[in-house]
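Student: return a 3D structure for these sequence lines:
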Amino acid sequence: MQVSKCVECKDFPCADVRHECYIIPDVDVRPEDISIVMISEAAPANSGDYYYAEGEPLFQQTTVQAFNDAGVDVSSIQDILDLGVYLTTAVKCGKTGYGIEASTIKECSFLLEKELALFPDVQVLMLMGDVAIKAINYIAKRAGEERVIPAGSTYKIRGQEYFFRGKRAFPSYLQAGPSFFIEKSKRRMIAEDIAAALSLVK
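Tutor: As a prediction, the model looks like this:
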């Protein structure tokens, strides 16, 4: 299955993102093989930096390092897929600035909801950063469900058990992009969250 053939933005209503950077994963995956979905922030400004791009894309480099930090011996996104981990972004277009408007996250959460529905056997959602957390909360709210992740700083709410439609949800920090290499404390927490997530599906 190619997700990009199943999920599509047709009218691009959001004003604060770069539509020319629009990406939905076109990697071939077997839905039944996926037990974890890792959701990061937004598509990169350069499509060559995206998870499934050829060569050594930035998103692959930082994500592989995050898994290595967690004690997992991987060297590529394919290795991570082979573990049953599918990677995507909450917002499918690139950012224009540092932040992303709430209205954009809410709009793009419709696409994310369709994407998640393609993987019925998923047991864990890894929410890598505030944008991913907000997107999941929007999906839940739209269906009249309770907020999945409570408000508050990630370091304060980590370590608690949260669930979204029977799936364990981990609020964590952004692992995709250059900021990953800056803060060692966040790298440690990301590694802990990855290790905890993998321990649930082994």
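Student: can I assume F164 is in contact with N137?
Tutor: No - applying C-beta atoms under 8 Å, one finds F164 not in contact with N137, separated by 9.2 Å. Placement of C-beta: from N, CA and C, glycine included.
Student: between those two, what contacts are shared?
Tutor: V148 (C-beta atoms under 8 Å, 6 or more residues apart in numbering).
Student: more crowded one of those two?
Tutor: N137 (23 against 20; other C-beta atoms under 10 Å).
Student: could you give the mean pLDDT of the helix or strand where that one lies?
Tutor: Assigned by DSSP states H and E, N137 falls within helix 130-142. Averaged over helix 130-142, pLDDT sits at 97.
Student: now swap in stretch 67-78 and tell me
Tutor: 97.
Student: what are the ranges of the strands in this structure?
Tutor: Along the chain, the segments classed as strands by DSSP state E run 17-18, 36-43, 85-95, 124-128, 162-164, 167-172.
Student: hang on, isn't P25 packed against S47?
Tutor: No - contact criterion C-beta under 8 Å: P25 and S47 do not qualify, at 11.9 Å.
Student: just the helices in this structure please.
Tutor: 58-69, 77-82, 102-116, 130-142, 154-157, 184-201 (DSSP state H).
Student: average pLDDT for the fifth one?
Tutor: Predicted confidence along helix 154-157 averages 90 (mean pLDDT).
Student: ok, the residue most central in space within the chain - contacts?
Tutor: Note on the chain: the residue nearest the mean C-alpha position is I39, at 0.8 Å, using C-alpha atoms, centre = their mean. Residues in contact with I39, defined by C-beta under 8 Å, 6+ apart, are 88-90, 112, 125-128, 132, 135-136.
Student: buried stuff in the least confident helix or strand in the chain by mean pLDDT?
Tutor: Each helix and strand of the chain was given a mean pLDDT (mean pLDDT, DSSP states H and E); the minimum falls on helix 154-157 at a mean of 90. By 16 or more other C-beta atoms under 10 Å, the buried positions in helix 154-157 come out as T154.
Student: how about the CA coordinates for it, as CSV?
Tutor: The C-alpha trace of helix 154-157 is given here as CSV (Å, rounded to 0.1, in the frame of the first residue of the first chain):
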residue,chain,number,x,y,z
THR,A,154,6.0,17.8,27.7
TYR,A,155,8.6,17.1,30.4
LYS,A,156,5.9,17.4,33.0
ILE,A,157,3.4,15.1,31.4
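Student: great, nothing more from me.
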